[in-house]
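Participant: when you get a sec, could you give me coordinates for this:
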Amino acid sequence: MFLPNRHPAYRKPLDLVDVEILGMKAAADVERYLTYRDNHTPTPLHALPALAAELGVGAIHIKDEGFRLGLGSFKALGGSYAVIRLVLEEASRQLGRPVDVAELHSPDVRSIASSMTVACATDGNHGRSVAQGAQLVGAKAAIFVHSGVSDERVAAIARFGAQMIRVEGTYDDSVAEAARVATEKGWTVVSDTSWPGYERIPGLVMQGYTVMVREALRQLPEPPTHVFVQAGVGGVAAAVAGHLALVLGDRRPVLIVVEPARAACLFETARAGYPVKIEHGEPTVMAMLECYEPSLVAWRMLARVADAFMTIDEEDAVAVMNRLACPSGNDPAIVAGESGGAGLAGLIRSVADPEIRAAIQLNEASRVFVINTEGATDPDRYAELVGMRPDTVLTNAANRTKGVHA
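Facilitator: Numbers count the residues shown, from 1 in each chain. Just a heads-up that it's a prediction; the model follows:
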């Protein structure tokens, strides 16, 4: 574990531009946009008292994004929200007046949207969100996927009518290709990572993620003392950390960023003190977190509001998937994909190390918040790793709620 901001005195306020992206007004606006989505409902927050007792902490609460907007991932909040914002902004420009989300399905806005093509690179979840957003507003979508993305995840994106484009290499290669082709064809890139000169749209994507935190703070009995949140390029970690810092101020929790050891670009960036692109090595089972270069916007925020960075191994992620599927005591059964439980895996790894526990003041009074960032977005892969189909896990969860054990 690397702890650049282990003491509150070292914490720094966010830049004003980042306050605008992640502040309370922005989060409230995102929630208002969501009221125009047919399948919007807050995702559940579960207490895990048996696991908390086992780990020696006061409480563990997990926000289950496997139910978000029918896409099974927190990323449903980001890409589609950015697409909607961009379409409304273009409609405002062409119509010469402000256009509100209430007009999203009006003939004038639909006509403008139909002339737009949005593009992105994805490991799976972000691409589905962008494609769903495009379908919702009547725009076209071109989604770039690298060679490691499974056929099942490609099919899940294509069902929203997106044009699918395969790219040889890694996620970072697909990001570069999406940017190149979009520039050539005049498409709008809706990326969840940023690079020099391209920051506003990734900021909108991150803005969408603040809804998770806003909901969780209403659902939690008390604000958390510790948050373990997973990261790929860093967007969700920065959104969670930044919004908590702005809402809770001096009462904000200790925030630990968790990455796969095989794709730890933020961990290495934190150690170096500046953005680092790491070498591509053996793929990680945590495919949604397999990124080798951080988002510049996300790092700018995390450099100020994250307290620690750590890595977990492949077996840690798989063990958490199984632990959530087959819990002990009265803890609910939860379907977590390969990347979904990485934050919880970080907590489990931390409590096993006395030095880490002491460094982040993790003890029997700690209230820990984690996010299951995805459900079984690839059901066949999930069944292979857990030994059960996700529908079986959900059936078991329903039976446990009723006091019946399958």
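Participant: now the residue nearest to the spatial centre of the chain: how far from residue 121?
Facilitator: In the chain, the centroid-proximal residue (C-alpha atoms, centre = their mean) is residue 236; its distance is 4.3 Å. As judged by C-beta to C-beta, to the nearest Å, residue 236 and residue 121 stand 17 Å apart. Any C-beta I mention is one placed from the backbone N, CA and C, and that applies to glycine too.
Participant: average pLDDT for the helix or strand containing residue 316?
Facilitator: Residue 316 belongs to helix 314-325 when assigned by DSSP states H and E. Across helix 314-325, pLDDT averages out at 98.
Participant: point out where the stretch 1-150 of the chain drops to low pLDDT.
Facilitator: 5-10 (pLDDT under 70).
Participant: buried stuff in stretch 114-133?
Facilitator: 116-133 (16 or more other C-beta atoms under 10 Å).
Participant: among those, which lie within strands?
Facilitator: 117-122 (DSSP state E).
Participant: from the residues you listed, which single one is nearest residue 184?
Facilitator: residue 119 (10.7 Å; C-beta to C-beta).
Participant: quick one on the thing from earlier: dump the ones in strands among the buried residues of stretch 114-133 to JSON lines, plus distance to residue 223.
Facilitator: Shown next, in JSON lines, are those (distance: C-beta to C-beta, whole Å):
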{"residue": "117", "distance to residue 223": "42"}
{"residue": "118", "distance to residue 223": "36"}
{"residue": "119", "distance to residue 223": "39"}
{"residue": "120", "distance to residue 223": "34"}
{"residue": "121", "distance to residue 223": "35"}
{"residue": "122", "distance to residue 223": "33"}
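Participant: which members of the residues you listed are the farthest-apart pair?
Facilitator: Maximum distance among those (C-beta to C-beta): 15.5 Å, for 117 and 122.
Participant: report the buried residues of stretch 155-174.
Facilitator: 156-158, 160, 162, 164, 167, 170-174.
Participant: who's residue 254 bridged to?
Facilitator: residue 226 (DSSP bridges).
Participant: now do the helices in the stretch 151-300 of the chain.
Facilitator: Under the criterion DSSP state H, counting those that start in this stretch, helices of the stretch 151-300 of the chain are mapped to 151-158, 171-185, 200-219, 235-248, 265-272, 296-305.
Participant: which helices and strands does the first one pack with?
Facilitator: It stands for helix 151-158. Here helix 151-158 is seen to pack against helix 125-137, strand 140-146, strand 163-167, helix 379-386 when contacts are counted using 3 or more C-beta pairs under 8 Å, 6 or more residues apart in numbering; DSSP states H and E.
Participant: possible to save those as a markdown table with distance to residue 15?
Facilitator: Below are the helices and strands packed on helix 151-158 laid out as a markdown table (distance: least, C-beta to C-beta, whole Å):
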| stretch | distance to residue 15 |
| --- | --- |
| helix 125-137 | 24 |
| strand 140-146 | 30 |
| strand 163-167 | 33 |
| helix 379-386 | 39 |
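Participant: how about the ones you listed, which one is nearest residue 312?
Facilitator: helix 379-386 (14.9 Å).
Participant: quick check: angle from that closest one to helix 314-325?
Facilitator: 100 degrees (axes from the mean of the first three to the mean of the last three C-alpha atoms, to 10 degrees).
Participant: elements contacting helix 379-386?
Facilitator: So helix 379-386, by 3+ C-beta pairs under 8 Å, 6+ apart, packs with helix 151-158, helix 314-325, helix 390-401.
Participant: dump those to JSON lines, plus distance to residue 13.
Facilitator: JSON lines is the format used below for the helices and strands packed on helix 379-386 (distance: least, C-beta to C-beta, whole Å):
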{"stretch": "helix 151-158", "distance to residue 13": "38"}
{"stretch": "helix 314-325", "distance to residue 13": "33"}
{"stretch": "helix 390-401", "distance to residue 13": "41"}
